[in-house]
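*Asks:* What shape does this take:
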Amino acid sequence: MRLERLTWDGADAEALAARLRRVAEPPTYLAERVAEIIERVRSQGDAALMEMSVAFDGAERLPDSLRVPADEIEAAFDTLDTDLAAALRLAEANIRAVAEAELRPPTEIGLIQGHQVSVVQRPVASAGVYAPGGRAAYPSSVLMGLVPARVAGVSRVALVSPPGPDGRPPRAVLAAARIGEADEVYAIGGAQAVAALAIGTASVDRVDVIAGPGNAWVTEAKRQLFGTVGIDGLAGPSELVVVADATSGPRKIALDALAQAEHGPDSPIVVASPDSALLAETADALKSLAPDRPSVADAPITLIEAPSLDHALHLADAFAPEHLELRFEGAVERAPARIAGCVFVGEAGAAAFGDYTAGSNHVLPTGGAARFSGPLGVGAFTRRMSVVDVPRSAAAKLYEATDEIARSEGLPVHGESAIAQIQTNK
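*Replies:* Model (predicted):
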């Protein structure tokens, strides 16, 4: 844990937010190395994937197929610890309820010229979900990706996740795949998994959209392959900003900060408050709690004394964090105006609930992307389409304006096309 305490005068929140977010830059060689991996998958297919599972993921032996057979997935589900299975089912039910609430009927509007425009939302035909692995198993990420895809109505959903030493993803990941109703599961990780889903190989059919969090290699592969395939976003290190006042509990704030620090040393964590005593007590709690929690990485935690609560909120908005906790009286009313991937309020509003069981998705925008994007949801697995119904009577009221605009843009045949629609000859 790297703990810093500073006093901020309230000026230039954007500059301070940029400094706080600048924890670790991606390695300069990453783009070139990822491009090499993608080209290997493109040219060598399954053979490259097998080789890289050993070289990159630490698989000590490889089964005959990259795809995990259905009976292995079923066995993982049947033998999963009972309490963990129940917890995953609870999480799945809440994620599904939130995802289903996103579905809306088609938007239809009749225009005064007599035509109708409908905006419909349809699921993509296929989707790939990436669930991280390596240091640990992440069955929660499996559910966060699979459930919205299923609710959206995607007909084919494939899961990819790095293999362990035995060449298969961990049992909890396979069990979560069963709970989340994956059609296919592949023991592939890293940039090569993204490439396989985007390009396709003999074993892996290509998909229309890839979603899910991953490390810098996964993110760079998604960046390079966007356009060949749709993506949900570009994920970076996990982030947390806590805005608190004197009514907050310093031990709870410290544990929330340390919980996010479990995601790794590149995760920026900020606690902003106008209350100097609260920050001092939070610092003491951090120093007391961290040594006994070996899962906590050496993440940067910055405690900022702001001139006022409003200044602290302004700083949070400038940061646009992945997770934002508001721990002060009146937080519920002020939450909707914030800029963040997910905002937690209430006397027990810890980000940990959103990471696992609350039902909100934990695949969230990072690096300031909350300014223009939001949580993973059914929208990532759907395509929007307009349907325009134009009777001849409506065309008679639209063709002159259409022709006028088309000619002004140097596209006169557009105008001719519009005029032709009101004529009786074919």
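*Asks:* for the longest helix along the chain, packing partners?
*Replies:* Selection of the longest helix in the chain by residue count, based on DSSP state H, yields helix 82-102. Packed against helix 82-102 by the contact rule (3 or more C-beta pairs under 8 Å, 6 or more residues apart in numbering; DSSP states H and E) you find helix 139-152, helix 171-179. (Glycine included, C-beta is placed from N, CA and C.)
*Asks:* Not counting it itself, show me its contacts.
*Replies:* By C-beta atoms under 8 Å, 6 or more residues apart in numbering, the surrounding residues in contact with helix 82-102 are 77, 80, 139-140, 143-144, 147-148, 150-152, 172, 175-176, 179-180, 356-361, 377-379.
*Asks:* which residue is nearest the middle of this structure?
*Replies:* residue 363 (3.1 Å; C-alpha atoms, centre = their mean).
*Asks:* Residue 145 versus that residue, what's the distance?
*Replies:* Distance of residue 363 to residue 145, given as C-beta to C-beta, to the nearest Å: 7 Å.
*Asks:* same thing with residue 213?
*Replies:* Look at residue 213 and residue 145: by C-beta to C-beta, they are 9 Å apart.
*Asks:* more crowded one of these two?
*Replies:* In terms of neighbours (other C-beta atoms under 10 Å), residue 145 is the more surrounded of residue 213 and residue 145; the figures are 31 against 23.
*Asks:* Could you pull up the residues touching the residue nearest to the more buried one when sequence neighbours are not counted?
*Replies:* For residue 145, the nearest residue in space outside its immediate sequence neighbours is residue 129; the separation is 3.4 Å by C-beta to C-beta, 6 or more residues apart in numbering. Contacts were defined as C-beta under 8 Å, 6+ apart; by that measure residue 129 touches 142, 145-146, 149, 157-160, 182, 210-212.
*Asks:* can you state the direction angle for the helix or strand hosting residue 129 and helix 171-179?
*Replies:* Element membership of residue 129, judged by DSSP states H and E, is strand 126-130. Regarding strand 126-130 and helix 171-179, their directions subtend 160 degrees when assessed with axes from the mean of the first three to the mean of the last three C-alpha atoms, to 10 degrees.
*Asks:* average model confidence for strand 126-130?
*Replies:* This predicted structure assigns strand 126-130 an average pLDDT of 98.
*Asks:* Which strands border that strand, and is each parallel or antiparallel?
*Replies:* With DSSP bridges as the test, strand 126-130 is paired with strand 156-161 (parallel), strand 209-211 (parallel).
*Asks:* Turn these into JSON lines, including mean neighbour count.
*Replies:* As requested, these are arranged in JSON lines below (neighbours: other C-beta atoms under 10 Å):
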{"stretch": "strand 156-161", "mean neighbour count": "27"}
{"stretch": "strand 209-211", "mean neighbour count": "26"}
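*Asks:* Residue 79 and residue 166, how far apart?
*Replies:* Summarising the geometry, the distance separating residue 79 from residue 166, computed by C-beta to C-beta, is 15 Å.
*Asks:* Pick out whichever of the two has more residues nearby.
*Replies:* Relative neighbour count places residue 166 above the other of residue 79 and residue 166, with 13 against 10, counting by other C-beta under 10 Å.
*Asks:* Would you agree that one is in contact with residue 57?
*Replies:* No - when contacts are counted by C-beta atoms under 8 Å, residue 166 is not listed as touching residue 57 (11.3 Å).
*Asks:* Tell me where the stretch 251-400 of the chain has helices.
*Replies:* Assigned by DSSP state H, counting those that start in this stretch, the helices in the stretch 251-400 of the chain fall at 276-289, 309-319, 331-334, 351-356, 392-408.
*Asks:* do you know which of those lies nearest residue 15?
*Replies:* With respect to residue 15, and counting by C-beta to C-beta, the nearest of these is helix 309-319 at 8.6 Å.
*Asks:* Can you give me the buried ones in the closest one?
*Replies:* Within helix 309-319, the residues that qualify as buried by neighbour count (16 or more other C-beta atoms under 10 Å) are 309, 311-319.
*Asks:* of all those, which comes closest to residue 283?
*Replies:* When the buried residues of helix 309-319 are compared for distance to residue 283 (C-beta to C-beta), residue 312 comes out closest, at 16.5 Å.
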